[in-house]
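*Asks:* Quick one: sequence and predicted model below, then my questions.
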Amino acid sequence: MQAQFSPFDYAILVAYVLASVGVGLWFARSQRSVEGYYLAERAAPWWAVAISINSSDTTAISYLGCAALVFTGDLQLALGTLAFPFAALFVSLVFVPFLARHNVFTVYEYLEHRFNPVVRTFASGLFLLTRGTHLSVALFAATIVLSQVMGWPMIASLLVMGGLTTLYTVLGGMKAVLWTDVIQFFILLIGLLAVLVGVAQAFRWDFAQIWSIASRPTPAGAPWLDGVAGLHGHTQWVNFSGSLYVMTFWAVMLNTFAQGVGSYGSDQVLVQRYLAAGSARKMAESLIFGSLLTVPVNALLFAAGVFLIAYYTHFLYVPGYEWVAQLTDANRVMSHFISHGLPGYLGAIVIAGLFAGTMSSLSAGLNSLSTATYVDFIVRFGAPVQNERRGVLRAKLVTCALGVVVMLGAVAMGGHETIFAIAAKVVSPFAGPLLGMFLLGMLSRRVNSFGVIAGAVLGTIAAVAVTYGTTVHWLWYYVVGTGVSCVAGYALSYLRPAPATAQVAD
C-alpha cells in the first residue's frame, strides 16, 4: 500500500510554503542597501544566527544521507558530530578576530588583505564551485523524495522546490533567510520526530527491540544491499583499523574536524551567517552555539536511520508488508517509508521537514553565492554601483541567475552511492584546498601569494586523483585536499621572497 495525501495534508505543505514566501515579501519592503540585503545591517540577534548556522547546513543530504548511511553501514559517522563544537571553537579563536577587524562582506576579502586580489578571486571561485555543486546535490536529494512521495516527475519537483526557494531568497535577502531558517529549524526537528514516532508505533514503542534488530547483520537477501552480504550490525560506533578503504575512527574524526573548520571558517554560507551578528563576541557566541545545536540534530538524523533499518529488516518478509522488499536503493529509504509506511498526516509533516531543510540550505547558499559573485567579482572588477537601490536590484538579479544555475546542476546529479559519497565526490576537490588557503594565511607569516595558489592547485589535483582514481574511502577526500594544499603551499612559498611584515601584521 502507498499512503495517499489528503487535501488536509496538501494544505499543510501549501501553508508552509506560502509562509516562507510571505517572509520574503515582508522583508523586501525594508531593503535600502546592499549591506542590508546581504548582511541584515550586521544587527541580527546572535541566537537567530546560531539557529541559522545549523539550519543552513542541514540539507536533504543530511536528511536522506544519514538514514542511507546507517542502512549500508553503521553509526561511526555519528560519533564525528562531537568534533563540530571543537572546530567552531578553533574558528572562533583563529578566524573570527581576523574577519571582525577587517569588517568584510565576504570571507575571501581577508585573503586580499593578506595576499593580493588574485588570491581572493581564486578562493572565491573555489567557493562558487564548492557550494554551487553542494547545493545541486542537496536539491537533487530533495527531489528524490518529492517525486517518489508526491508522484511528481523529477523535473517538476525540482522546479517547485528550487523555484520557490529562489523566489523568497531574491525578495527578502539575508533577513528573510535568517528568519525562515529559524522557522525551518523547528519544522525539520518535528519532521524527524514524526519518522521516529511512525516506526515506534509499529514496534509498539519497544525501543529495546528496535535497537536489538538494528544491531544484527542485514539479511543477505535484502534488496537494498545491491548484492552485498555479510554486513555487521548497524549500531557499531567505532572501528580503530588503519585501513584507508573503509570507514574508521581516524577517518571520521579527521574528516569531521577538517570539514567543520572549513565550513565555519572558509565557507561563505556559514561565515555570512555570523558576520550578520556584528561584533566579534557575538560572532563567536552564535558560531559556538550553532555548532552545539548540531549534536542533538545529528542524533535525531542518525536515530531515524537506526529506526528505519530495524523496521525494514523486521518487516521484510512479513505478510502485508510486501512493499518493504520493493526498496532497492538505500538513498530512497526515507522517501520510501514516507510514501508507504506513514499515515498521511505524519507523511505531510516529514515532507514539510524535508522542505524546511532543503529550502533553508538552498536559500542560505544562494544568498552567499550571490554575495561572493557580487562583492568579489562584479563590484571588485566591474562597473561601480551608482546608488544603493540600483545595487540591491543588481544583487537580486544575481541571486535569481544563480538559482537557475543550481537547478540546472541538480538535473545532472545522480548515482547509486550514498548521498554523502556523491556530495563528497563533487565538493571535496575544491573545499579542502580552499580551507588550506585560509590556514596558510592565518597560521604562517612566511607563506606568500605564489605558494598559497600553487598549494591550492596541487591540493585540488591531489583530491581529484584520490577521489576518481582510487578506492580510498570518501572520508579522506577532504583531508587529502586540505593537507596537500597546506604542505605544498608552505614549501613552495620558499621559492619566492617572504611577504612584507606590514602585509601579515593584521
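*Replies:* Alright, I've got the coordinates. Numbering: from 1, shown residues only.

*Asks:* where exactly do the helices run in the stretch 201-350 of the chain?
*Replies:* With DSSP state H, counting those that start in this stretch as the criterion, the stretch 201-350 of the chain has helices at 207-214, 249-266, 268-275, 280-314, 333-341, 344-373.

*Asks:* Report the angle between the third one and helix 249-266.
*Replies:* Which is helix 268-275. 60 degrees (axes from the mean of the first three to the mean of the last three C-alpha atoms, to 10 degrees).

*Asks:* Quick one: work out the angle between helix 268-275 and helix 280-314.
*Replies:* Relative orientation of helix 268-275 and helix 280-314, computed by the same axes, to 10 degrees: 130 degrees.

*Asks:* Report the inter-axis angle for helix 268-275 versus helix 344-373.
*Replies:* 90 degrees.

*Asks:* same for helix 268-275, what does it pack against?
*Replies:* On a contact count with 3 or more C-beta pairs under 8 Å, 6 or more residues apart in numbering; DSSP states H and E, helix 268-275 meets helix 34-39, helix 46-56, helix 96-102, helix 117-150, helix 249-266, helix 280-314, helix 344-373. In this view, the C-beta of every residue, glycine as well, is placed from N, C-alpha and C.

*Asks:* Let's have those helices in a markdown table, adding mean pLDDT, distance to Tyr274 and mean neighbour count.
*Replies:* Shown next, in a markdown table, are the helices and strands packed on helix 268-275 (pLDDT from 0 to 100; distance: least, C-beta to C-beta, whole Å; neighbours: other C-beta atoms under 10 Å):
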| stretch | mean pLDDT | distance to Tyr274 | mean neighbour count |
| --- | --- | --- | --- |
| helix 34-39 | 78 | 10 | 23 |
| helix 46-56 | 88 | 6 | 25 |
| helix 96-102 | 88 | 8 | 17 |
| helix 117-150 | 84 | 16 | 23 |
| helix 249-266 | 94 | 8 | 23 |
| helix 280-314 | 93 | 4 | 22 |
| helix 344-373 | 78 | 12 | 26 |
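
*Asks:* To Trp205, which of those helices lies closest?
*Replies:* If you check each of the helices and strands packed on helix 268-275 against Trp205 by C-beta to C-beta, helix 280-314 wins as the nearest, at 11.7 Å.

*Asks:* OK, contacts around Gly163?
*Replies:* Applying C-beta atoms under 8 Å, 6 or more residues apart in numbering to Gly163 gives the contacts 403, 407.

*Asks:* Just say helix, strand or coil for it.
*Replies:* Of the three states, Gly163 takes helix under DSSP: H, G, I helix; E, B strand; the rest coil.

*Asks:* ok, back up a step: out of the helices of the stretch 201-350 of the chain, which comes closest to Gly455?
*Replies:* Among these, the nearest to Gly455 by C-beta to C-beta is helix 249-266 (14.1 Å).

*Asks:* Direction-wise, compare the closest one with helix 117-150 and give the angle.
*Replies:* Calculated by the same axes, to 10 degrees, helix 249-266 forms an angle of 110 degrees with helix 117-150.

*Asks:* Keeping just the C-alphas, turn helix 249-266 into CSV.
*Replies:* What follows is helix 249-266, C-alpha atoms only, in CSV (Å, rounded to 0.1, in the frame of the first residue of the first chain):
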residue,chain,number,x,y,z
PHE,A,249,37.5,6.2,13.7
TRP,A,250,40.6,8.2,12.5
ALA,A,251,38.9,9.0,9.1
VAL,A,252,35.7,10.1,10.8
MET,A,253,37.3,12.4,13.3
LEU,A,254,39.9,13.9,11.0
ASN,A,255,37.3,14.5,8.2
THR,A,256,34.7,15.9,10.6
PHE,A,257,37.0,18.3,12.3
ALA,A,258,38.5,19.5,9.0
GLN,A,259,35.1,19.9,7.4
GLY,A,260,33.9,21.7,10.5
VAL,A,261,36.8,24.2,10.4
GLY,A,262,36.3,24.6,6.6
SER,A,263,32.6,25.1,6.9
TYR,A,264,32.7,27.5,9.8
GLY,A,265,35.9,29.4,8.6
SER,A,266,36.1,29.4,4.8
